[in-house]
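Peer 1: Below is the structure, and that's it, no one-letter string:
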């Protein structure tokens, strides 16, 4: 961002977001027509276009603002990207027995599913997965069942079709 762009952001009162040239993930406030408001959204740039991935649309607790949560998730996804992103899913977490978590499977994590975000007590993992990935799905089902058909009932969102070519090779 040059000085003019920075100056425009400051004058307009927009938050300034700095992203390293090699980063693919960033955070933006985007309009959500269904909710009638702006929503902090993790964006992914595959080198051809920038697209929304995860909307901060569910309560997450812990005193985190949606903007701060978005920025933390962006950092985690950037780290997971280097390990070869495979999918986003949800699971129980022994560290927070009454809370489920959204997690990311990578090529290097094997059967493990490293933490992406902890959900509020009582928040259903399946519904949270559907709600946060709606921006990625853009209203269509990109869930894949075990028989390789796409299904709105799966617990997993596979990411390969959304990745840049170099990110598809990461973690190998």
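Peer 2: That came in fine, so what should we check first? Source: prediction; values computed, not measured.
Peer 1: make it CA atoms for all contacts and neighbour counts henceforth
Peer 2: Will do.
Peer 1: For the residue positioned nearest the centre of the chain, grab phi and psi.
Peer 2: By CA atoms, centre = their mean, the mean C-alpha position of the chain lies nearest to residue 54, the distance being 3.7 Å. Torsion angles at residue 54 (phi, psi; degrees, to the nearest 10) stand at phi -130, psi 120.
Peer 1: beta partners of it?
Peer 2: Note on residue 54: beta-bridge partners residue 42, judged by DSSP bridges.
Peer 1: hang on, it packs against residue 137?
Peer 2: No. Contact criterion CA atoms under 8 Å: residue 54 and residue 137 do not qualify, at 9.5 Å.
Peer 1: For this protein, just list every one of the strands.
Peer 2: For the chain, the strands defined by DSSP state E cover 25-32, 37-45, 50-55, 85-92, 100-106, 115-118, 157-158.
Peer 1: For the third one, which outside residues touch it?
Peer 2: In other words, strand 50-55. 39-45, 131-137 (CA atoms under 8 Å, 6 or more residues apart in numbering).
Peer 1: tell me the most buried of the strands of the chain?
Peer 2: Most buried of these by mean neighbour count (mean count of other CA atoms under 10 Å) is strand 100-106; its value is a mean of 23.
Peer 1: which outside residues touch it?
Peer 2: For strand 100-106, contacts defined as CA under 8 Å, 6+ apart pick out 80-81, 83-93, 111-121, 123-125, 129, 171.
Peer 1: So what are the sheet partners of it and their directions?
Peer 2: Neighbouring strands of strand 100-106 in its sheet, by DSSP bridges, are strand 85-92 (antiparallel), strand 115-118 (antiparallel).
Peer 1: In a markdown table, list these along with mean pLDDT and distance to residue 65.
Peer 2: Below are the strands paired with strand 100-106 laid out as a markdown table (pLDDT from 0 to 100; distance: least, CA to CA, whole Å):
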| stretch | mean pLDDT | distance to residue 65 |
| --- | --- | --- |
| strand 85-92 | 91 | 21 |
| strand 115-118 | 88 | 13 |
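Peer 1: Looking at the ones you listed, which is nearest to residue 63?
Peer 2: With CA to CA, the closest approach to residue 63 among the strands paired with strand 100-106 belongs to strand 115-118: 12.4 Å.
Peer 1: Same list, the strands of the chain, but as TSV with distance to residue 164 please.
Peer 2: Converted to TSV, the strands of the chain look like this (distance: least, CA to CA, whole Å):
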stretch	distance to residue 164
strand 25-32	12
strand 37-45	8
strand 50-55	11
strand 85-92	11
strand 100-106	15
strand 115-118	21
strand 157-158	14
